[in-house]
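# Attaching a predicted model along with its sequence, questions to come.
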Amino acid sequence: MDRPSLKRRAARLFGQWGVFFRGFIEHPRMVGSIIPSSRFTIARMLSRVRWDECKVFVEYGPGVGTFCQPVLDRLPRDGKLIVIDTNPLYIDYLDKHFTDPRFHAVLGSAADVEAIVRAHGADRADYVLSGLPFSTLPEGVGPAIAEATYRIIRTGGAFLVYQFSAKARNFMAPHFERIESDFEPLNVLPCQLFWGWKEPRG
Ligand SMILES: C[S@@+](CC[C@H](N)C(=O)[O-])C[C@H]1O[C@@H](n2cnc3c(N)ncnc32)[C@H](O)[C@@H]1O
C-alpha cells in the first residue's frame, strides 16, 4: 500500500471538509449542509448532460468544489466551467486548488449569472448546476435566481438542481417546460435531483 499517498489524500479530504464545515458554521442558512455531496449524487446528477454539446457549464454554490473536478473531467477541452459562490472562504479555496485554464471562480451571487456569463465572453450557458439551499435563501432570492437561470440557458440546455427538499422543484416549475426528477439515497442527507429542460417555445 502507498502510505504517503493515502495520507496525502486523507489530509486533502479532511482539509476540504474542514473548510466546508467552517463555511457552514459561519453561514448556516446560505450553506444548508454540513457535508459536501457524495460521489453517488455527483455521478447521478451529471449523467444526463450531453457533454459533446457543452461549451459553457455554470455551477452555483460550488462550496469547496465537490462537483468541479468531475465536471472538468467530462467537459470538452474548449469548454468553460464558471462557478459562482457568495462565500469568499470557498472562492479563495477554489482559486488555490483548481489550476485548469477552463476553470473560472467568481465571488458573487447566482442572481447575477447573466452578467457573469457575459463577462466571460459567452451569450448563453449550456447547463447550470445548483447546489443552493433554495428553501433557506433570503426571501425573493430563489425565484430571482430561477428566472435569471432560465434566461441564460440556451434552448435545449438544462438547469440541474439537487436538494434535500423537493421544494426546489417549485422554483423551477414556473419557467422550465419539462422537469425530470430522481432520488439519491447515498448522500448525507438523501437528496432529490431535478433536471429542468429548456424546450423550444411555440
Ligand atoms: C449546500 S452548499 C453546496 C455544496 C457543494 N456544491 C456540494 O455539493 O458539496 C451551498 C452553497 O451555496 C452558496 N450560496 C448560497 N447562496 C448563494 C447565492 N445566492 N449565489 C451563489 N452561491 C450561493 C453557499 O456559500 C454554499 O457554498
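The structure has been received and is ready for your questions. Note that this is a predicted model, so its numbers are computed, not measured.

# Surely residue 194 is within a strand?
Yes. Per DSSP: H, G, I helix; E, B strand; the rest coil, residue 194 lies within a strand segment.

# What's opposite it in the beta bridge?
Using DSSP bridges, the bridge partners assigned to residue 194 are residue 161, residue 181.

# contacting residues around it?
By CB atoms under 8 Å, 6 or more residues apart in numbering, residue 194 lies in contact with 159, 160, 161, 162, 163, 168, 169, 172, 179, 180, 181. C-betas here are computed from N, CA, C, even on glycine.

# try 10 Å
Neighbouring residues of residue 194 by CB atoms under 10 Å, 6 or more residues apart in numbering: 45, 130, 158-163, 166, 168-169, 171-173, 176, 179-182.

# low-confidence ranges in the protein?
Low-confidence segments of the chain, defined by pLDDT under 70: 1-14, 30-32, 34, 202.

# Show me what from it comes close to the ligand.
When proximity is defined by CB under 6 Å from any ligand atom, the chain lies next to the ligand at 30-33, 36-37, 60-63, 66-67, 84-87, 90, 109-111, 131-133, 137, 141.

# Which strand or helix spans the closest residue to residue 107 other than its chain neighbours?
Spatial nearest neighbour of residue 107, excluding adjacent residues (CB to CB, 6 or more residues apart in numbering): residue 91 at 4.5 Å. Assigned by DSSP states H and E, residue 91 belongs to helix 88-97.

# chain center to that helix, what's the gap?
Remark: helix 88-97 is offset 15 Å from the chain centroid, using CA atoms, centre = their mean, to the nearest Å.

# elements contacting it?
If you count contacts as 3 or more CB pairs under 10 Å, 6 or more residues apart in numbering; DSSP states H and E, helix 88-97 packs onto helix 3-26, helix 68-74, strand 80-85, strand 103-107.

# export the ones you listed to a markdown table and tack on mean neighbour count and distance to residue 196?
Shown next, in a markdown table, are the helices and strands packed on helix 88-97 (neighbours: other CB atoms under 10 Å; distance: least, CB to CB, whole Å):
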| stretch | mean neighbour count | distance to residue 196 |
| --- | --- | --- |
| helix 3-26 | 13 | 26 |
| helix 68-74 | 17 | 18 |
| strand 80-85 | 24 | 18 |
| strand 103-107 | 19 | 22 |
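
# Would you format the ones you listed as a markdown table with distance to residue 49 included?
Output for the helices and strands packed on helix 88-97, formatted as a markdown table (distance: least, CB to CB, whole Å):
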| stretch | distance to residue 49 |
| --- | --- |
| helix 3-26 | 24 |
| helix 68-74 | 7 |
| strand 80-85 | 12 |
| strand 103-107 | 17 |
